[in-house]
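Colleague: Show me how the following folds:
(one chain, ligands or ions: 1)
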Amino acid sequence: MNTYHGTNVLITGGLGFIGSNLARALVSQGAKVTLVDSLIPQYGGNIFNIDDIREKLIVNVCDVRDPFAMAYLVQGKDYLFNLAGQTSHLDSMTDPQTDLDINATAQLSILEACRKANPTIKIVFASTRQLYGKPDYLPVDEKHPIRPVDVNGINKLAGEWYHLLYNNVHGIRACALRLTNTYGPRMRVKDARQTFLGIWVRLLIEGKPIKVFGDGLQLRDFNYVDDCVDAILMAGANESANGKVFNLGSSEIINLKELAEMMVNLGYGGTFELVPFPPERKAIDIGDYYSDFSLITKELGWQPKVGLQEGLLRTMAYYQPNFANYWND
Ligand SMILES: NC(=O)c1ccc[n+]([C@@H]2O[C@H](COP(=O)([O-])OP(=O)(O)OC[C@H]3O[C@@H](n4cnc5c(N)ncnc54)[C@H](O)[C@@H]3O)[C@@H](O)[C@H]2O)c1
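Modeller: Alright, predicted model coming up:
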């Protein structure tokens, strides 16, 4: 339990959704936490995400694409939780170069910074289930073919493999978690850039209908953010994770229409409607997806604890009083 007490921890993307929840967990365990975040407005970073812990950590607003800043920031750190990323799949198709710069090139230069300035650091990289593409079989395990359907998936794959290569060749201890849809307090809900669930939360609070694309029968699994944070902390604390990739996931599988029904029945009112798939989204949709996460259960003892209904209730309870800090247009 006390792995992180008194340790020096760097979180890239630390003002974002998962990074800020991770920071809160680490601060409560007594870690000395530094956050790096560029606060690019289109992404999930939000200074309000650390409102309650602002005095308990260091915030460095800078860009992971700056190799000089990163070479300085990795020094003296015991752990690097490498979460900074361009996360919009649509944006990766209209601005592929920026996605490449952040999700691949910057990852390589962060690893180079570690190799040169701090080779004993331990790294956990936030990868994504998106790199599997349209599943050949379900549930998707780590042996499933890799076949990204968008530029983001290709660049995240490069970022992930750079981490594994630096582990295997240079001995920089690193592992990667392939996250599935993660949701909860502090996700970007202003628009659909981060996840459709984000905009659904906003629409529910605004009393507007939730829009479900297509027939709504696409299957998904979801992790509440606290479960995701647990997995990241376990991967960081466990030497046997080094050089490996693990799927995260949930055994609570649900289609998007059922999810919309669950949301409108949470007690906040609301309605949903089925609308045609926007063509640009359909082109990169992966159909049904859910994970086989038995490897991380077996090797690190992780499994999700928070059920979907409970997680959605906690999410709505967070945004209802705080929404003005997440959108004001
Ligand atoms: N949330 C999910 O469902 C999910 C699923 C799969 C993978 N992931 C991965 O997890 C990581 C965290 O995602 P999140 O959901 O918290 O998203 P997020 O957008 O809330 O967090 C990412 C953070 O990185 C920061 N960032 C982006 N580019 C940067 C740059 N160039 N320099 C410094 N900071 C930069 C953003 O400002 C943001 O705060 C990402 O790498 C993402 O690819 C998330």
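
Colleague: next SSE after the helix or strand bottoming out on mean pLDDT in the chain?
Modeller: Within the chain, judged by mean pLDDT, DSSP states H and E, the helix or strand with the poorest mean is helix 279-282; its value is a mean of 89. Going down the chain from helix 279-282, the next helix or strand is helix 294-300, by DSSP states H and E.

Colleague: follow-up on the earlier one: run through who's touching the least confident helix or strand of the chain.
Modeller: Where contact means CB atoms under 8 Å, 6 or more residues apart in numbering, the residues beyond helix 279-282 that reach it are 90, 93, 213-214. All C-beta atoms are positioned from the backbone trio N, CA, C, and that covers glycine.

Colleague: can you give me the strands in the stretch 201-329 of the chain?
Modeller: When secondary structure is read from DSSP state E, counting those that start in this stretch, the stretch 201-329 of the chain shows strands at 210-213, 219-220, 222-224, 245-247, 254-255, 272-275.

Colleague: Pick the most buried one from the ones you listed.
Modeller: Mean neighbour count, computed with mean count of other CB atoms under 10 Å, is highest for strand 222-224 among the strands of the stretch 201-329 of the chain, reaching a mean of 25.

Colleague: That strand: how far from the chain's middle?
Modeller: When C-alpha coordinates are averaged (CA atoms, centre = their mean, to the nearest Å), strand 222-224 and its chain have centres 10 Å apart.

Colleague: Give the rounded mean pLDDT of that strand.
Modeller: Averaging the model's pLDDT scores along strand 222-224 yields 98.

Colleague: Residue 212 is in contact with residue 274, correct?
Modeller: Yes - if you go by CB atoms under 8 Å, residue 274 and residue 212 touch, sitting 5.3 Å apart.

Colleague: Mutual contacts of the two, please.
Modeller: Shared contacts of residue 274 and residue 212, counting by CB under 8 Å, 6+ apart, come down to residue 257.

Colleague: need the residues of the stretch 151-300 of the chain near the ligand, please.
Modeller: Taking CB under 6 Å from any ligand atom as the measure of proximity, the stretch 151-300 of the chain contacts the ligand at 179, 181-182, 188, 194-195.

Colleague: what's the span of stretch 19-37, first residue to last?
Modeller: Terminal residues of stretch 19-37 are spaced 10 Å apart (CA to CA, to the nearest Å).

Colleague: Quick check: which ranges of the protein have low pLDDT?
Modeller: Low-confidence segments of the chain, defined by pLDDT under 70: 1.
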